[in-house]
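K.L.:
here is a sequence together with a model predicted from it:
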Amino acid sequence: MVKEWINLFEYCKFHEMEKSESLEEFYQRKFDWKPDGLKKEIGHFNMFKLEPYVEGKPTKIPYRRRDFYKIMLVKGNSQVHYADKVVQVKKQALCFSNPQIPYKWEHLDRIREGIYCIFNASFFHQFGQFQDYEVFQPKGSHIFELKDEQAIQIQELFHKMEGEFNSGYKYKFDMIRNQVFELLHFALKLEPSLSLENQPINAAQRISTLFIELLERQFPIDDSHPSIKLRSASDFADCLNVHVNHLNRAVKETTQKTTTQVISERILQEAKVLLKHTAMNVSEIAFSLGFSEVTHFNNFFKKHLALSPLKFRNA
């Protein structure tokens, strides 16, 4: 059974990569040039200052995933769209972005400043499992509002990192990796984890985790990944090669929700994103989310939010 779990993605035919902004596209969009030697298998790291406001220049980052990680200190009144959530930064914040979550950033202040670093997973090859920390997990916290003294501490960490980055020290990137972990742990201490359990993962937790992974891999909906394939508990059970009752018990034990509830909540979350951030009409959204009839989608949406998809879009 364990072998079957490990090879679960061999059973599924829908696991194409979602369309996301690559490092090459980031440099092209941001600076209209591409550095040489950018490959996913080669570790990449870079640092940038957040550009000040320029009259007439767009202040919105497009809503999409990126295939790299980003840590940013931003000062100014801003608004961030993470998945279906909108987070308001009132003054200053430390922010973590990862390839699993689409986002866009709206800078609302006319004057702003900040600094950020970007890197890919290969940069940390054999140097710790940084992806396992909550700030880089889909359900973790990603934006941390800072007090003035905390912002000063973070700015000093970034300046130390910048000094190493611009130095000629042979092992400077090892130093930088440690400083990235300092930023990560600084954030985690601001909001202690609620799940610091040192219990071994049991079979129910393992099945539930694999189920959530399969569910998340179906999103976001975009041009290269136009619709979801798995909609029901039995669909996921077949893909995981377990009995549907076994899956339902595992999910209920670990999440205190039914499998159907978890699936419905995730579909609703994606529906809200598509309604607010795309030009797709309601019919297109309904079919992309696996509804055979638009009326079924409308009824589903009204049941959970007490208003129609169109009213939600126009709200």
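P.N.:
Structure's in. What do you need?
K.L.:
so after the helix or strand hosting F186, what's the next helix or strand?
P.N.:
Taking DSSP states H and E as the definition, F186 sits inside helix 172-190. With elements assigned by DSSP H and E, the helix or strand that comes after helix 172-190 is helix 203-216.
K.L.:
pull the distance from that next one to the chain's centre.
P.N.:
Remark: helix 203-216 is offset 18 Å from the chain centroid, using Cα atoms, centre = their mean, to the nearest Å.
K.L.:
what's the helix or strand following that helix packed up against?
P.N.:
The first helix or strand that comes after helix 203-216 along the chain, using DSSP H and E, is helix 233-240. Packing partners of helix 233-240 (3 or more Cβ pairs under 8 Å, 6 or more residues apart in numbering; DSSP states H and E): helix 8-11, helix 203-216, helix 244-255, helix 259-277. Using the backbone N, CA and C atoms, a C-beta is placed for each residue, glycine as well.
K.L.:
M47: which of those helices is closest?
P.N.:
Across those, M47 has its closest neighbour in helix 259-277 (28.8 Å, Cβ to Cβ).
K.L.:
would you reformat the helices and strands packed on helix 233-240 as JSON lines and include distance to A121?
P.N.:
As requested, the helices and strands packed on helix 233-240 are arranged in JSON lines below (distance: least, Cβ to Cβ, whole Å):
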{"stretch": "helix 8-11", "distance to A121": "18"}
{"stretch": "helix 203-216", "distance to A121": "16"}
{"stretch": "helix 244-255", "distance to A121": "27"}
{"stretch": "helix 259-277", "distance to A121": "24"}
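K.L.:
mind putting these into JSON lines with mean neighbour count?
P.N.:
Output for those, formatted as JSON lines (neighbours: other Cβ atoms under 10 Å):
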{"stretch": "helix 8-11", "mean neighbour count": "14"}
{"stretch": "helix 203-216", "mean neighbour count": "18"}
{"stretch": "helix 244-255", "mean neighbour count": "17"}
{"stretch": "helix 259-277", "mean neighbour count": "18"}
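K.L.:
so which of the ones you listed comes closest to I71?
P.N.:
Taking those one by one with Cβ to Cβ, helix 203-216 is closest: 22.0 Å.
K.L.:
show me the contacts for Y69.
P.N.:
By Cβ atoms under 8 Å, 6 or more residues apart in numbering, Y69 lies in contact with F96, S97, N98, P99, I118, F119, N120, A121, F136.
K.L.:
same thing with V180?
P.N.:
I71, C117, F119, F124, F130, M161.
K.L.:
surely the fourth one meets G43?
P.N.:
Yes - with contacts defined as Cβ atoms under 8 Å, F124 counts as touching G43 at a distance of 7.5 Å.
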